[in-house]
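Asker: One predicted model, sequence on top.
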Amino acid sequence: MKNFIFILFLIFATIGANAQVDKKAQTLLNELSTKYKKYKSIKAQFAYTLESKATNVKQTQKGVLHLKGNKFKVDIANKEITCDSKTVWTYSAKDNEVQINNYNPNENGFNPAQIFTMYEKGFIYKYIEEKLENGKSIAQIELTPTDKNKKFFKVKLFIDKIGKQIVRSVVYDKKGNVYTYEVQTFQADITVNDTFFTFEPANHPNCEVNDLR
């Protein structure tokens, strides 16, 4: 689950300089970044699919993501991942157990919010193609991390060119796993209090607390 947290926040950074710059990709990503920076908060329903060639497994789960600044909350598969930008709580409803960790945004991976913003720095990007999907013009951009120590080696972004919105991202890791995040619904600037991004064990009777900070 810890790995999942960082596979599923880089909205407010500037796209970093690259030795290899694809102008067409850069223009679209800049437009995308400009739009997302205007949002005060986000709520998105998504489908998360894991495919493993090594184990011949394909699993799909649906979840809900809330974002506000550097805070996020994800509900997926009876698990609730809550982060107030300093602490991250991972709660299992099945086990009625919560694990508490310090939040480290620089950990080797990326968190749930990156289904929108993983492109903004640390990548070489390339415009691949443009296709119609459900009547929408969808551009595909391929990202390669400049840090070769990353656990993943390639990311594909699928972007609605007119709406300037990411509709899907696909992450390829070095173990042969493929992670797909499909945005199903998207709401911007919803009203959400900061307390929403903290977890209170007291609200879960008999909850077992594992504080690993």
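Answerer: Yes, it's here.

Asker: Hmm, residue 63 is touching residue 80, no?
Answerer: No - with contacts counted by C-beta atoms under 8 Å, residue 63 stays clear of residue 80, the gap being 10.0 Å. Where C-beta positions appear, they are placed from N, C-alpha and C, glycine not excepted.

Asker: Mutual contacts of those two, please.
Answerer: residue 74 (C-beta atoms under 8 Å, 6 or more residues apart in numbering).

Asker: which intervals of this protein have sub-threshold pLDDT?
Answerer: Scanning the chain for pLDDT under 70 picks out the ranges 1-21, 106-120.

Asker: Now do the helices in it.
Answerer: Assigned by DSSP state H, the helices in the chain fall at 2-7, 23-37, 114-117.

Asker: So what would you say the end-to-end distance of stretch 191-200 is?
Answerer: 20 Å (C-alpha to C-alpha, to the nearest Å).

Asker: Flag every buried residue along it.
Answerer: 192, 197, 199 (16 or more other C-beta atoms under 10 Å).

Asker: roughly how far is that stretch from the heart of the chain?
Answerer: Stretch 191-200 has its C-alpha centroid displaced from the chain centroid by 19 Å (C-alpha atoms, centre = their mean, to the nearest Å).

Asker: now stretch 147-154
Answerer: That offset, for stretch 147-154, works out to 16 Å (C-alpha atoms, centre = their mean).

Asker: Contacts for that stretch, please.
Answerer: Looking at what lies outside stretch 147-154 - C-beta under 8 Å, 6+ apart - the contacts are 108-109, 122, 142-145, 171-175.

Asker: with the buried residues of stretch 191-200 in mind, which one is nearest to residue 209?
Answerer: Of all these, residue 199 has the smallest distance to residue 209: 9.9 Å, by C-beta to C-beta.

Asker: Now the closest one: closest residue in space that isn't a chain neighbour?
Answerer: Nearest residue to residue 199, sequence neighbours excluded (C-beta to C-beta, 6 or more residues apart in numbering): residue 89, at 3.7 Å.

Asker: Could you tell me how far the one you found is located from residue 27?
Answerer: The gap separating residue 89 from residue 27 is 39 Å, by C-beta to C-beta, to the nearest Å.

Asker: more neighbours, these two?
Answerer: Neighbours around residue 89 and residue 27, counted as other C-beta atoms under 10 Å, are more numerous at residue 89. The numbers are 22 against 11.
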